[in-house]
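Undergrad: Generate coordinates for the sequence data below:
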Amino acid sequence: MKPSTNRMLNRIKCIYMFIRNNGTVSTQELVEEFGITPRTIQRDLNVLAYNDLVISPSRGKWTTTQKRVKMSS
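TA: Numbering: from 1, shown residues only. Next up, the predicted model:
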């Protein structure tokens with residue numbers, strides 16, 4: 001796996017864990033927490049949403065779904 005792909009997967013995993021641990025969070029909170037651009041956060045959220053791991057109950061807010069996830073290191 002390319003280092004950039006590995007970095008992206010780790011970032012997406014961290015974003016998912018942050019949302020899971022904090023309940024509903026805004027896109028802006030994620031931008032500030034991870035220090036990356038809103039566009040990058042949106043791309044990562046799209047990956048999580050596509051896999052039914054997060055949903056947006058209202059514009060700009062994100063929360064995790066009830067889908068069970070097995071986390072690996």
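Undergrad: per-residue confidence at residue 2?
TA: We have a pLDDT of 85 for residue 2.
Undergrad: How many neighbouring residues does it have?
TA: Applying other CB atoms under 10 Å, we find 7 residues neighbouring residue 2. In this view, the C-beta of every residue, glycine as well, is placed from N, C-alpha and C.
Undergrad: do the same with the one 3 residues further on
TA: Under the neighbour criterion other CB under 10 Å, residue 5 is assigned a count of 9.
Undergrad: Show the model's pLDDT score for it.
TA: Listed pLDDT for residue 5 reads 87.
Undergrad: secondary structure class for it?
TA: helix (DSSP: H, G, I helix; E, B strand; the rest coil).
Undergrad: That one and residue 11, how far apart?
TA: 11 Å (CB to CB, to the nearest Å).
Undergrad: Contact partners for residue 28?
TA: Residues in contact with residue 28, defined by CB atoms under 8 Å, 6 or more residues apart in numbering, are 38, 60.
Undergrad: does it belong to a helix or a strand, and which?
TA: Using DSSP states H and E, residue 28 falls within helix 27-34.
Undergrad: what's around the residue nearest to residue 64 when sequence neighbours are not counted, how many residues?
TA: Spatial nearest neighbour of residue 64, chain neighbours left out: residue 20 (4.8 Å); criterion: CB to CB, 6 or more residues apart in numbering. When neighbours are counted by other CB under 10 Å, residue 20 registers 15.
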